[in-house]
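3D model of this:
(chains A, B and C)
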Amino acid sequence: MIAPSIPKTSLGNFFEDFHLGQQIPHATPRTVTVGDVALYQGLFGGRFAVQSSDIFAQKVGYQRAPLDDLLVFHIIFGKTVPDISLNAVANLGYANCRFLKPVYPGATLNAVSEVIGLRENSTKKTGIVYVRSRGFDETGDTVLDFVRWVMVRKRNAVAAPSAEKVPDLPEAVGPAELGLACPKIGGAAYSDLLAGSPHRFGDYKIGEKIDHVDGVTVEEAEHQIATRLYQNTARIHFNQFAESQGRFGRRLIYGGHVISLARSLSFNGFANAFHIAAINGGRHVAPLFAGCTVFAWTEILTTAEVPGRSDIGALRLRTVATKDRPCADFPRMSGDEYDPAVILDFDYWTLMPR
Amino acid sequence: MIAPSIPKTSLGNFFEDFHLGQQIPHATPRTVTVGDVALYQGLFGGRFAVQSSDIFAQKVGYQRAPLDDLLVFHIIFGKTVPDISLNAVANLGYANCRFLKPVYPGATLNAVSEVIGLRENSTKKTGIVYVRSRGFDETGDTVLDFVRWVMVRKRNAVAAPSAEKVPDLPEAVGPAELGLACPKIGGAAYSDLLAGSPHRFGDYKIGEKIDHVDGVTVEEAEHQIATRLYQNTARIHFNQFAESQGRFGRRLIYGGHVISLARSLSFNGFANAFHIAAINGGRHVAPLFAGCTVFAWTEILTTAEVPGRSDIGALRLRTVATKDRPCADFPRMSGDEYDPAVILDFDYWTLMPR
Amino acid sequence: MIAPSIPKTSLGNFFEDFHLGQQIPHATPRTVTVGDVALYQGLFGGRFAVQSSDIFAQKVGYQRAPLDDLLVFHIIFGKTVPDISLNAVANLGYANCRFLKPVYPGATLNAVSEVIGLRENSTKKTGIVYVRSRGFDETGDTVLDFVRWVMVRKRNAVAAPSAEKVPDLPEAVGPAELGLACPKIGGAAYSDLLAGSPHRFGDYKIGEKIDHVDGVTVEEAEHQIATRLYQNTARIHFNQFAESQGRFGRRLIYGGHVISLARSLSFNGFANAFHIAAINGGRHVAPLFAGCTVFAWTEILTTAEVPGRSDIGALRLRTVATKDRPCADFPRMSGDEYDPAVILDFDYWTLMPR
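Residues are numbered from 1 along each chain as shown, chains lettered A, B, ... in the order given. Alright, predicted model coming up:
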């Protein structure tokens, strides 16, 4: 008389559930609001003027203050989790992530992923799944497009994928692809005083390193509230009962939380880098746990003109975040290995007025 | 020269302050907004599409995404606390709770309670107060109507109530009373893909049990923020100094927090149960404290047609929540007693598209 | 090849960077929204009807529910921190703080400070900086005007200020300056029942003391989220790694957090004191740390007519907050010293309907 419950409860997809070319529409469309903006503000303390002030944003060419780019990323990413990475052992990387349209409060976001690569691991216990995920607004326009790859458990060791493929991925997004989500910036309308820094695109040099000085300690409630705001259901972030018996004995903080903290810290040094136009790649080098204090520093990898845009220039940045270690000496590698304090090595393009 | 302070500071009502038929208008009308929705999202991580997307909600017949039913419940409940349960020893039960009209951001809610029952306990130190509380929006329409009963301290052991009465309460809300807060659902307009599950009303059977699998650990900051969002002033949730000398040595988490956590967990298994139409009853079997991890499972008690509605069907559910104990084996009773891990036994009606 | 990073990273101003008459426009204009209101609600649990209900606020003469006065204060104050007090040893005092215009969701706030006083300390290691800070909305109207003084480190002991001056500051704001941010209150339209208390202006007497009874325990996540919501970057609130080696071994909670907690507690006794019209002064007598429970009591210092206003009267209040000590006996001084439990001694004007 009692039906088994498994069919209605999602246990997520395992490696053998994916196939090349598979299109996966994700659940729960989400209308974003000024409520999300305020909570993100309280969690990360951003100070970029474009995202903070409707008036400032309108003066430089936006309809109003757009959502923080990373908030959009986290929400779209969150939608993919129940289908893509619920059984992930590890998030291995990101590539070719491009922000394509500003997202304003009131937009309704949804997401679709396509499986673009599969490779079984030699242990036969896991495999790597490459997906291209796209976020759309209610008009059907793509607001975000990115690739990520994750190591996913197999349900059954003897199952084999019908076909395997490792996709070609660009080492970095090209400058011509930047700026689609950024209106023409009225340079005179952009107030350095209100934005908080006199330093514009031309003031930054390749190889320059900037310590963001401040540190911020993370609490369990903070990362849980953030990760739920994105409807990200990855279990490892929320379930202390299970994690107490797990690899770390603790809840693991969503890697995107570190990215947002580092971005927020980077205001001190890059106050005019008002927009993340693309993410070239990122490594979550080590896990972060509540109680740790996050620091960050940034190196300018490249400076680039954006074709057709005399209003803005692009800075390719590497932001490195650490835990419980200030960054005045720019820690990153220690020989062939990462410095043990490093938790994030993040490569992305920001735009800055010229 | 110095006037005594007691008259201006409310110490709440004691058992002998209530009388049968008494009407109690509650303080602090509250305009609900997308800010409340976002914070509730961050605290509970809901994924039901109707409450998450204005577009999805409009397609199926709502004006826009309505507030989560439990957010409405908590806000109305919170208004009653300063007058009804500030001196409560225990919240004993709920009955006949019906959601009567969708609440959208921008609505202004207030509440009135009527004393419908009184019974002094044999110890003469406490008594049971039954109140019917109603929540109204700014048009005067009733959005929520429920009965609860609480054990309240007496100020004075020799005081006796002028009249006593134990009200007749229905064991469950009848199917004809369900669906008033639910527009006619355009079945074709309801996307199972976006909602996250192919399982509709007809797929659920009486007696079926579903484990919601995931667990969520609660932090002090989370339940305090939630409970203040509802303007619920019950002292036991906020004051560690006093509670450190109290029965548990700790702050007690608002019982409604557990209900919201369990509802959110139940998405995994009931993604299309988009609306709580009524609450038949609920027992807070044991207290919850910060640091514990909450799990839940659900049994289908009844399935019912809603008279006049071919678009939806009603599932009467019993959701059981536990602390620090996964629910794969559906724990509830252990002989005549509740399993020691059970914290909530909740009986309610949800609606689902057919 | 690698440029030094110091010039782009702000380390804040030191004592010798200030000069009399200096005008300092502050960064990051901020559009306030219902999202900020909801988060502030969740953090402090306010119950004043004017700030909670658009309908109530409109009935008594506002356009809609205005932001809590202290939320406005914290946001403007937060803007001044990166320029004024990043190198502060101590926040010494406030004076002449006047709320001049109601702020509604949708307003965009920015801030400018003027240096009105400077005095080097005899140690030559620090000096006192007096600034008058003003907050403006997007129309250019002043919404808030206040003076504060802070003890700021010197970068260089031999540097001396070009000129020194200690400004004359009023001991209290005069009644004629109150009420500019308060519309004419329709007395009959003001519902005592909805506001939660029958006690109006005429019911309060000079010298009356009121214990606010309840206590609220503060969590690290709560004060961090609040302080980031205000974009306040003072390091001592966020960086446990640094503070673990500091004076207290812990993160120090923003003094304004205590003010908001005390204001919220004061509802129990002053439910109709719907508006803070001015702050005469305030002392953060001792630091507050997470885990402590805050209590408060209030003494009525003065009652005053507001010239030209028959609708409202002004109560000058001293609210004293303590940590881990209930206030039934109104603790404040112990001989010449503050009672060791006192953390805040706050002198302000509230308005109440007559």
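
C-alpha only now, for contacts and for neighbours.
Noted.

so where do the helices sit in chain A?
Using DSSP state H, the helices of chain A run over A:34-44, A:49-52, A:54-60, A:69-84, A:192-195, A:220-229, A:240-243, A:255-265.

need those helices in TSV (columns: mean pLDDT, mean neighbour count and distance to chain B).
Formatted as TSV, the helices of chain A follow (pLDDT from 0 to 100; neighbours: other Cα atoms under 10 Å in any protein chain shown; distance: least, Cα to the nearest Cα, whole Å):
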stretch	mean pLDDT	mean neighbour count	distance to chain B
helix A:34-44	98	25	4
helix A:49-52	98	27	16
helix A:54-60	97	21	17
helix A:69-84	97	23	10
helix A:192-195	96	19	26
helix A:220-229	98	25	4
helix A:240-243	96	21	6
helix A:255-265	98	22	14
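
nearest to C:Glu16, of those?
Nearest of the helices of chain A to C:Glu16, taken as Cα to Cα: helix A:192-195 at 21.0 Å.

circling back to that earlier point, which among the helices of chain A is found nearest to C:Ser244?
helix A:220-229 (18.7 Å).

quick one: the closest one near chain C?
Yes. Counting by Cα under 8 Å from any Cα of the partner chain, chain C is contacted by helix A:220-229 at A:220-222.

what's that helix packed up against?
helix A:34-44, helix A:255-265, helix B:34-44, helix B:220-229, helix C:220-229 (3 or more Cα pairs under 8 Å, 6 or more residues apart in numbering or on different chains; DSSP states H and E).

7 Å - rerun?
Secondary-structure packing of helix A:220-229 (3 or more Cα pairs under 7 Å, 6 or more residues apart in numbering or on different chains; DSSP states H and E): helix B:34-44.

what residues of the lowest-mean-pLDDT helix or strand in chain A count as buried?
Each helix and strand of chain A was given a mean pLDDT (mean pLDDT, DSSP states H and E); the minimum falls on strand A:88-99 at a mean of 92. By neighbour count on 16 or more other Cα atoms under 10 Å in any protein chain shown, the buried set for strand A:88-99 is A:88, A:91-99.

which one of those sits closest to chain C?
A:Phe99 (23.3 Å; Cα to the nearest Cα).

how about the contacts made by the closest one?
Contact analysis of A:Phe99 by Cα atoms under 7 Å, 6 or more residues apart in numbering or on different chains lists A:143-145, A:181, A:277-278.

among those, which lie within strands?
A:143-145, A:277-278 (DSSP state E).

in a markdown table: those residues, plus neighbour count.
Below are the ones in strands among the contacts of A:Phe99 laid out as a markdown table (neighbours: other Cα atoms under 10 Å in any protein chain shown):
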| residue | neighbour count |
| --- | --- |
| A:Val143 | 24 |
| A:Leu144 | 26 |
| A:Asp145 | 22 |
| A:Ala277 | 29 |
| A:Ala278 | 29 |
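
from these, which is closest to chain B?
Closest to chain B, out of all of the ones in strands among the contacts of A:Phe99 and judged by Cα to the nearest Cα, is A:Val143, at 16.8 Å.

burial count for A:Asp168?
For A:Asp168, the neighbour count with other Cα atoms under 10 Å in any protein chain shown is 8.
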